[in-house]
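Visitor: give me a model of this one.
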Amino acid sequence: MSTRPNEAGKLPLPELHEMKERGDKIVMITAYDAPAARLADEAGVELILVGDTAAMVMLGHDSTVPVTLDEMIFLTKAVTRAARRPLVIGDMPFGTYEVSDEQAVSNAIRLVKEGGADVVKLEGAGRMLSRVRAIADSNIGVMGHVGLTPQSATKLGGFKAQGRSADAALKLYEDALALQDAGCFAVVLEAVPAPVAARVTEALDVPTIGIGAGAACDGQVLVWHDLLGLYQGRQPRFVKRYAEVADVIGAAVASYADDVRSGAFPEGKHTYSMPESELAAFEAALAEVRTAG
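Guide: Residues are numbered from 1 along each chain as shown. Reported below is the predicted structural model:
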């Protein structure tokens, strides 16, 4: 389901289905650069999403909408250089698949061919089902995404939980099944009531990846910057911070600035020397230059 060669040690896509059948939880995390991808790989995660959340946590935008395909390809290339075992998922940004099946396939191919992504992800169901089928028919794996879909947050009334009424929950349930039928190898459930997510997970043969959707999902995903306490913007209630790295970084930069201003940095051990004979020759040559000047 991917046009990218299966590198040594790369997690086979069918393994995700087998993990669901065994009841083994799937770990997914976002990453946007090589150092983060390397650390995620070393931690043993199964999936790395190069998410369009990069627009907010990396590029300083207020939403995911402004990030471009070229920017996503650039970030995806950085991640795929470092991620060896995890499957790398290239997130298709807003405006790259809505117009037509042809547009969707063309841009999915770019994420795989230029960015090195193993598979791609897109948001929504409805007429997006045709996009999923077209991309899947092009031998590129597709991850679906229902519930709170950030690219259409304005239409949904903001960053709010979805599927909280009986009708909305049934629609979400049906959309998830439709995405599976269209060819998705997994479906992200974002900001969905836990009982609804549980029923969807029971109904689907493919894995569900939850974010704010309860523990019954087959796997979980968190944004790198949220998990580490790096992002200082709005924090959804489903985020668990496992560290406060921003505090550590801030303190380190402040200490560096203090050392520079006081002259405490750099010390001798941070500098390079040269042979005394070469230094003497340099000083002599410099004296001649100054005299001639």
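Visitor: domains of this protein?
Guide: 14-247, 252-292 (automatic domain parsing).
Visitor: tell me how far the first one lies from the chain's centre.
Guide: Relative to the mean C-alpha coordinate of its chain, domain 14-247 is positioned 8 Å out (C-alpha atoms, centre = their mean, to the nearest Å).
Visitor: from one end of that domain to the other, what's the distance?
Guide: The first and final residues of domain 14-247 sit 40 Å from each other (C-alpha to C-alpha, to the nearest Å).
Visitor: please name the residues that touch residue 87.
Guide: 10-11, 13, 16, 46-48, 118-119 (C-beta atoms under 8 Å, 6 or more residues apart in numbering). From N, CA and C alone the C-beta is placed, and that goes for glycine too.
Visitor: for it, give me phi and psi.
Guide: phi -70, psi 130 (degrees, to the nearest 10).
Visitor: nearest spatial neighbour of it, chain-adjacent residues omitted?
Guide: With C-beta to C-beta, 6 or more residues apart in numbering as the criterion, residue 87 has its nearest non-adjacent residue at 4.6 Å, and that residue is residue 118.
Visitor: from residue 239, how far out is that neighbour?
Guide: From residue 118 across to residue 239, the span is 26 Å (C-beta to C-beta, to the nearest Å).
Visitor: buried set for stretch 41-57?
Guide: 41, 45-57 (16 or more other C-beta atoms under 10 Å).
Visitor: in PDB, list the C-alpha atoms belonging to that stretch.
Guide: Extracted C-alpha coordinates of stretch 41-57, given in PDB (Å, rounded to 0.1, in the frame of the first residue of the first chain):
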ATOM      1  CA  ASP A  41      12.200   5.800  16.700                       C
ATOM      2  CA  GLU A  42      14.400   4.900  19.600                       C
ATOM      3  CA  ALA A  43      11.400   5.000  21.900                       C
ATOM      4  CA  GLY A  44       9.800   2.300  19.800                       C
ATOM      5  CA  VAL A  45       6.700   4.000  18.500                       C
ATOM      6  CA  GLU A  46       4.900   2.400  15.600                       C
ATOM      7  CA  LEU A  47       3.700   5.500  13.700                       C
ATOM      8  CA  ILE A  48       5.100   9.000  13.200                       C
ATOM      9  CA  LEU A  49       2.700  11.500  11.800                       C
ATOM     10  CA  VAL A  50       4.200  14.600  10.200                       C
ATOM     11  CA  GLY A  51       1.100  16.500  11.100                       C
ATOM     12  CA  ASP A  52      -0.300  19.700   9.700                       C
ATOM     13  CA  THR A  53      -0.200  20.800  13.300                       C
ATOM     14  CA  ALA A  54       3.300  22.000  12.200                       C
ATOM     15  CA  ALA A  55       1.500  25.100  11.100                       C
ATOM     16  CA  MET A  56       0.800  26.000  14.800                       C
ATOM     17  CA  VAL A  57       3.700  24.400  16.800                       C
END
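Visitor: this structure: strands as residue ranges?
Guide: With strands called from DSSP state E, the chain shows them at 26-30, 47-50, 87-91, 119-121, 141-147, 186-190, 208-211, 219-222.
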